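Novice: Kindly generate the corresponding structure for this input.
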Amino acid sequence: VDLFAAPWLVAAQPQALEAAYRTLNVKEAPPADLLAKRVLVVEDSKMSANVLVRKILALGHAVLYAADGADALRLLRKFPDYLDCILTDVCMPRMDGVELLSKIKSHKHLRDIPVALLTGLEANADQLNVLCDELGAERVVSKPVKFDRLCEVLDACPLR
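Specialist: Numbering: from 1, shown residues only. You can find the predicted model right below:
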């Protein structure tokens, strides 16, 4: 498999992750039977994305990556039936995670995809929990995301 042609197959190799950052011009959807789950990671920090992607891959899942909510929404509209779970940072440029969550939950073909909000801001955890309840996110996860917490989040996401 050509990792540079398939950004949802981001390997635990830095150059493949770099290719995924540059490649949003996806021509086809990820194969439905490729791996256990197909996860969209929405994170503007390359370092955080790299760590999170490596953890997800270590669990045997496929990863699709977007650098912000606007790119994520574009990918979601292109492949509405191919994702099992979305992990999105809260604070990002162009479109933040809260706005992305709102758009996902208001879209009839996307609203059933489980969404977890990722935040490095401990002070906002209570506010985000309330927002999760209001907007329909499944959970708030503190960054950096611990491996066992990631397992819990992904295990709670059903295959679609």
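
Novice: do you know how far Arg74 is from Leu159?
Specialist: Counting by C-beta to C-beta, to the nearest Å, the separation of Arg74 from Leu159 is 24 Å. To be clear about C-beta, it is placed using only N, CA and C from the backbone, and glycine gets the same treatment.

Novice: Give me the nearest residue to His61, chain neighbours excluded.
Specialist: Counting by C-beta to C-beta, 6 or more residues apart in numbering, Lys37 is the residue found nearest to His61 once chain neighbours are left out, at 4.6 Å.

Novice: which residues of this structure score low on pLDDT?
Specialist: Low-confidence regions of the chain, defined here as pLDDT under 70, cover residues 1-35, 122-125, 128.

Novice: Where does the residue nearest to the spatial centre of the chain sit: helix, strand or coil?
Specialist: Residue closest to the mean C-alpha point of the chain, counted by C-alpha atoms, centre = their mean, is Val41 at 2.4 Å. Secondary structure of Val41, reduced to three states by DSSP: H, G, I helix; E, B strand; the rest coil: strand.

Novice: in the sheet, who's paired with it?
Specialist: Going by DSSP bridges, Val41 is paired in beta bridges with Tyr65, Leu87.

Novice: From Val130, how far off is it?
Specialist: From Val41 across to Val130, the span is 24 Å (C-beta to C-beta).

Novice: isn't the residue nearest to the centre of the chain right up against Leu87?
Specialist: Yes: using C-beta atoms under 8 Å as the test, Val41 is close enough to Leu87 to be in contact (5.3 Å).

Novice: before we move on, back to that, who's more crowded, Arg74 and Leu159?
Specialist: Comparing Arg74 with Leu159 by neighbour count (other C-beta atoms under 10 Å), the higher total belongs to Arg74, at 13 against 9.

Novice: what separates that one from Met95, distance-wise?
Specialist: In this structure, Arg74 lies at 10 Å from Met95, with C-beta to C-beta as the measure.

Novice: Tell me how many other residues surround the closest residue to Glu99 other than its chain neighbours.
Specialist: Residue nearest to Glu99 in three dimensions, not counting chain neighbours: Gly69, with 5.9 Å by C-beta to C-beta, 6+ apart. If you count neighbours by other C-beta under 10 Å, Gly69 ends up with 27.

Novice: Phi first, then psi, for Gly69.
Specialist: Note on Gly69: backbone dihedrals following degrees, to the nearest 10 are phi -60, psi -40.
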